[in-house]
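> missing the sequence, but the structure's below:
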DNA sequence: ACTGATTCTTCCACTGGGCGGAAGTGGCGA
DNA sequence: TCGCCACTTCCGCCCAGTGGAAGAATCAGT
């Protein structure tokens, strides 16, 4: 029956590929899933049925599949996300009030910045990020901050992965990125203008926990005309300090 | 090599069993996982490694495993949870302010009530429920409300599954439960005293969406001495109505 | 109602990936 | 140094998983 070369991925990898197909989308048809996971329809059909039987995926009345409550249950208790979000929320709300633009909280996971929270004012720029998004480290405010404080291997991997130039201002050269990292580490804050989104600039700062390690980053994304207004840098600094303090960080006093 | 009867579960089921082991716990060691998932250590080891390779689980510095950001990403966008939480939050906060006790929002998933949100006042009773918990329908305020408005098959399955009697007041008999369901449907509110937690009572009401279907339930769990104080029933009713209205529900006006 | 396109579901025989007992490794406490 | 426990790796057997193909269901256009 099977003519061509069999798919060398393990069952688990195929199941995960199906799960991955759902990251960032509401609902998918069987063929969508099969296409995204690069699986033959019959295989996708069978594996999706297994997810459904477990409750990780549910089939709607429209025949399309959605992420089910069981996966929600599993994810919602992710310790890092839970703790950081809970602690950071009041500071993020203050920051939103002070700026009226997009406010972000993100952590690094591998080579991506994962957005734990996004609060947005009414007239904020249209941005790609949302809660649960994963964006590249080199092209976002939070990403650059997280990268600047990550182990050097991470930087090497980012370079090795050939970072994509989204806009003319996106940094992709190793030298430029290195300089920028050093800058962020010494200033304690990062300002990017039109590096990922046209018409937007971003100010980001690092959040530290009780051990002094950088565990997250906060940022504001605002309309580029407002660049230079002092409340952004000030607000982001205060939010980052506040959250760090709430996490038990005590800055070296010497 | 393999001597005894092989495990008849499919790879997928084994992977899911591992995932299930994490529901409601922060971190597990490999042997914990193997025990909970009823898998030989070597099998658990291999499958856990697959989860880790994908990013669904992460291994901490302590050697224990935790749910990773990838599973969080997947779950956090679960459409029902996302939408209901976002819309309901302000009403739940009002309800918390009015009562100062535990406030819950839950949906039915299969034979369980899954808690989408829990807000708690400072002196609230110690309760088992938390965000992401799954509790039996017959033994919780929200569960009874959800059961009362569920398809009859669900009720039959609950009965068939021999509901457990947690406390003397827990309803487990088919006749009693049926009567209670009818009561809830006609009064539009449910009051339970010490059915799951000693020293606590619960008042719950149904939330409907634009189609008129019951999609969730809100409840307050409070110290049993406060039973009868009017703000509980009133507050729960108002919250349920408010959320329903925000979801687009228009009560029949005749 | 007929036709054809599209999407989903089921079937089945071949085969290599998964299986798990057993042996190996490493760390810790006595 | 020894024993214990928790984890990791190994390896050969065998059946679960595979995916092409055929069948069923659904839908749109004429």
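Received it, and whenever you're ready, just let me know what you need. Since the model is a prediction, treat every value here as computed from it, not as a measurement.
> low-scoring stretches of the stretch 1-150 of chain A, by residue?
Under the criterion pLDDT under 70, the flagged ranges of the stretch 1-150 of chain A are A:1-6.
> Break down it into its helices, ranges please.
Taking DSSP state H, counting those that start in this stretch, the helices of the stretch 1-150 of chain A run over residues A:11-21, A:30-36, A:41-54, A:69-76, A:79-99, A:141-148.
> Could you identify which of these is most buried?
Highest mean neighbour count among these (mean count of other C-beta atoms under 10 Å in any protein chain shown): helix A:141-148, with a mean of 28. (C-beta placed from N, C-alpha, C; glycine too.)
> name the helices or strands packed onto the next helix or strand after it?
For helix A:141-148, the following helix or strand on the C-terminal side (DSSP states H and E) is helix A:152-160. The contact analysis (3 or more C-beta pairs under 8 Å, 6 or more residues apart in numbering or on different chains; DSSP states H and E) places helix A:152-160 against helix A:141-148, helix A:174-187.
> How about the contacts made by residue A:105?
The contact partners of residue A:105, taken as C-beta atoms under 8 Å, 6 or more residues apart in numbering or on different chains, are A:84-85, A:88, A:92, A:115-118, A:142, A:207, A:216-218, A:243.
> Residue B:197: which of those is nearest?
When these are ranked by distance to residue B:197 (C-beta to C-beta), residue A:85 comes first, at 26.9 Å.
> Does the closest one touch residue A:117 like I think?
Yes: counting by C-beta atoms under 8 Å, residue A:85 touches residue A:117, with 5.6 Å between them.
> Next up, the contacts around whichever residue of the stretch 1-150 of chain A sits closest to chain B.
Residue nearest to chain B within the stretch 1-150 of chain A: residue A:75 (2.5 Å; C-beta to the nearest C-beta). Counting by C-beta under 8 Å, 6+ apart, residue A:75 makes contact with B:67, B:71, B:72, B:73, B:74, B:75, B:76.
> Could you check what's spatially nearest to it, not counting adjacent residues?
Leaving aside its sequence neighbours, residue A:75 sits nearest to residue B:75 (C-beta to C-beta, 6 or more residues apart in numbering or on different chains; 2.5 Å).
> repeat for residue A:149
Of all residues not flanking residue A:149 in the chain, residue A:214 sits nearest, at 3.7 Å (C-beta to C-beta, 6+ apart).
> ok, now how distant is the residue of chain A found nearest DNA strand C from DNA strand D?
Nearest to DNA strand C in chain A, going by C-beta to the nearest atom of the strand, is residue A:10, at a distance of 2.6 Å. Here residue A:10 is placed at a distance of 7 Å from DNA strand D (C-beta to the nearest atom of the strand, to the nearest Å).
> Wait, that residue touches residue B:51, no?
No: using C-beta under 8 Å, residue A:10 makes no contact with residue B:51, being 11.8 Å away.
> Chain B contacts on the stretch 101-250 of chain A?
Residues of the stretch 101-250 of chain A lying close to chain B by C-beta under 8 Å from any C-beta of the partner chain are A:107, A:109, A:110, A:114, A:131, A:132, A:134.
> tell me the domain boundaries of chain A?
Annotated domains of chain A cover A:11-75, A:79-246 [automatic domain parsing].
> how about stretch A:226-233: buried residues?
A:226, A:232, A:233 (16 or more other C-beta atoms under 10 Å in any protein chain shown).
> Which of the residues you listed fall in helices?
Of the buried residues of stretch A:226-233, the ones assigned to helices by DSSP state H are A:232, A:233.
> ok, so of the buried residues of stretch A:226-233, who is nearest DNA strand D?
Distances from DNA strand D to these, taken as C-beta to the nearest atom of the strand, are shortest for residue A:233 (44.4 Å).
> Run through the residues that contact that closest one.
For residue A:233, the contacting residues are A:189, A:191, A:203, by C-beta under 8 Å, 6+ apart.
> how about the nearest residue to residue A:117, chain neighbours excluded?
residue A:105 (4.4 Å).
> Okay, the one you found and residue A:215: tell me how far apart.
To residue A:215, residue A:105 is 11 Å away according to C-beta to C-beta, to the nearest Å.
> Which neighbours do these two have in common?
In terms of C-beta under 8 Å, 6+ apart, residue A:105 and residue A:215 are both contacted by the residues A:84, A:207.
> mind putting the residues of the stretch 101-250 of chain A next to chain B in a markdown table, neighbour count included?
Conversion of these to a markdown table gives the following (neighbours: other C-beta atoms under 10 Å in any protein chain shown):
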| residue | neighbour count |
| --- | --- |
| A:107 | 21 |
| A:109 | 18 |
| A:110 | 14 |
| A:114 | 27 |
| A:131 | 19 |
| A:132 | 23 |
| A:134 | 19 |
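> Mind checking which of the residues you listed land in strands?
A:107, A:109, A:114, A:134 (DSSP state E).
> Next, the contact list for residue A:68, please.
Here residue A:68 is in contact with A:52, A:55, A:56, A:57, A:58, B:78, B:109 (C-beta under 8 Å, 6+ apart).
> Give me the neighbour count for the third one.
What that stands for is residue A:56. By the measure other C-beta atoms under 10 Å in any protein chain shown, the count of residues near residue A:56 is 27.
> That one contacts residue A:72, correct?
No: Residue A:56 sits out of contact with residue A:72 when judged by C-beta under 8 Å, with a separation of 9.4 Å.
> rewinding a little: just give me the closest of the contacts of residue A:75 to residue A:31.
Nearest to residue A:31, judged by C-beta to C-beta, of these is residue B:74 at 20.5 Å.
> Residue A:220 looks like it's in a helix, true?
No: assigned with DSSP: H, G, I helix; E, B strand; the rest coil, residue A:220 falls outside any helix and is strand.
> That one contacts residue A:192, correct?
No: between residue A:220 and residue A:192 there is no contact under C-beta under 8 Å: 11.2 Å.
> Overlap in contacts, these two.
Residues touching both residue A:220 and residue A:192 by C-beta under 8 Å, 6+ apart: A:202, A:204.
> Not counting its neighbours along the chain, what's nearest residue A:210?
Spatially, and ignoring its direct neighbours in sequence, residue A:210 is nearest to residue A:248 (3.2 Å; C-beta to C-beta, 6+ apart).
> before we move on, the earlier item: among the domains of chain A, which is nearest residue B:179?
Of all the domains of chain A, it is domain A:11-75 that lies closest to residue B:179, at 28.9 Å by C-beta to C-beta.
> For the closest one, what is the distance to the chain centroid?
Mean-position distance between domain A:11-75 and its chain equals 22 Å (C-alpha atoms, centre = their mean, to the nearest Å).
> Between the two ends of it, how far is it?
22 Å (C-alpha to C-alpha, to the nearest Å).
> quick one on the thing from earlier: export the residues of the stretch 101-250 of chain A next to chain B to a markdown table and tack on distance to residue B:63?
Shown next, in a markdown table, are these (distance: C-beta to C-beta, whole Å):
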| residue | distance to residue B:63 |
| --- | --- |
| A:107 | 21 |
| A:109 | 20 |
| A:110 | 20 |
| A:114 | 23 |
| A:131 | 30 |
| A:132 | 28 |
| A:134 | 26 |
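> what's the distance between the residue of the stretch 1-150 of chain A closest to chain B and residue A:199?
According to C-beta to C-beta, residue A:75 and residue A:199 sit 33 Å apart.
> okay, the buried residues of stretch A:226-233 in JSON lines with distance to residue B:43 and pLDDT next?
Shown next, in JSON lines, are the buried residues of stretch A:226-233 (distance: C-beta to C-beta, whole Å; pLDDT from 0 to 100):
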{"residue": "A:226", "distance to residue B:43": "57", "pLDDT": "91"}
{"residue": "A:232", "distance to residue B:43": "53", "pLDDT": "93"}
{"residue": "A:233", "distance to residue B:43": "53", "pLDDT": "94"}
